[in-house]
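Peer 1: predicted structure and sequence below. I'll ask about it afterward.
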Amino acid sequence: MASWPLFSNSTGARFFAAVVPFLNCARLLTYGLGFYSDEALVKSVTREGKREELLRGPLYYVIVLLIIVLVFWRDSPIGIISLSMMSGGDGFADIVGRRFGSLKLPFNDKKSWVGSAAMFISGFLLSALMLSYFSWLGYIQVSWDQAIGKLVLVALAATAVECIPVTDVVDDNISVPLATMLVAFLLFGNTAN
Ligand SMILES: C/C(=C\COP(=O)(O)O)CCC[C@H](C)CCC[C@H](C)CCCC(C)C
Ligand SMILES: Nc1ccn([C@@H]2O[C@H](COP(=O)(O)OP(=O)(O)O)[C@@H](O)[C@H]2O)c(=O)n1
C-alpha cells in the first residue's frame, strides 16, 4: 500500500499495481493445488506445513488485496482502511494474542482480550497513519475532526467481527475486510471527510 504513490497517475496504474497480487494469487493456487511444490513457500506462510493451507488464509488475503487495489485503489479511504485492518489489525492480533493472550474471550476460547485489543489499537493506528500518508500526498482529503471518531467505530466493528467464532465458517481474512469496507463506506462514503 505504501508503494501505491510510486505508480503513475494514469487510469491504468491500478492494473499495473495489481500485477504482484495477481501473480501471488496464481502462485498460491499453483502450489496449493499441487501442480508444483515449493516447500519454502509452504513453510513460510502455513502453520501446519500443508500445501492445502495455501488455498485458505494466504489466498484469501491476496485476493482481498487484489480486489482492494482494483476497486478502491489509492483515492478511496475504504480500501486504505480495509487493508490496514486486515494487514495491521488482524496481523497484530495474531502476533500479540499468541504471545500474551492467556485471558480468553468468554464467547470464543480461541481469541483473547489482549489479541482483540491489539487488533483494535493497531488497526486504528495503521488506518490513521495511512490516511495521513495518502492525504499528505494529495490523493484524499481528510477532515480529522470527524475522521478520528469514524475510524474508532470502524476499528471497533473490525475487532468485533474478528473475535466472533466464525473462523470455521468464514476466514477472518474475508470477514474483517468485508466488515471494514461496509462500515467505512457507511461512515466515510468514498471520501475521507
Ligand atoms: C501469510 C499470509 C496470510 C495468512 O493469513 P492468516 O491465515 O494468518 O490470517 C499472507 C500471504 C502473503 C503471500 C504469500 C504473498 C503476498 C505478497 C503481496 C501480494 C505483495 C508483497 C509485496 C512486497 C512486500 C514487495
Ligand atoms: N483476537 C485474537 C486474535 C488472535 N489471537 C491469537 O492468535 C492466534 C491466531 O489467530 P487467528 O486464527 O485469528 O489467526 P489469523 O488467521 O487471523 O492470522 C489465535 O489462535 C490466538 O492464539 C488472539 O489471542 N486474539
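Peer 2: Received the coordinates, thanks. Numbering: from 1, shown residues only. Ligands and ions are numbered 1, 2, ... in the order given.
Peer 1: stretch 80-94 close to ligand 2?
Peer 2: Yes. Judged by Cβ under 6 Å from any ligand atom, stretch 80-94 comes into contact with ligand 2 at 90, 93, 94. Where C-beta positions appear, they are placed from N, C-alpha and C, glycine not excepted.
Peer 1: who wins for neighbours among these?
Peer 2: Within these, most neighbours by other Cβ atoms under 10 Å means residue 93, with 29 neighbours.
Peer 1: pop out the phi and psi values for it.
Peer 2: Residue 93 has phi and psi values of phi -60, psi -40 when expressed as degrees, to the nearest 10.
Peer 1: distance-wise, check it relative to residue 110.
Peer 2: Distance, residue 93 to residue 110, using Cβ to Cβ, to the nearest Å: 11 Å.
Peer 1: may I see the buried residues of stretch 97-110?
Peer 2: Residues of stretch 97-110 classed as buried under the neighbour-count rule (16 or more other Cβ atoms under 10 Å) are 97, 101, 105.
Peer 1: tell me the gap between it and the middle of its chain.
Peer 2: The chain centre lies 21 Å from the centre of stretch 97-110; the measure is Cα atoms, centre = their mean, to the nearest Å.
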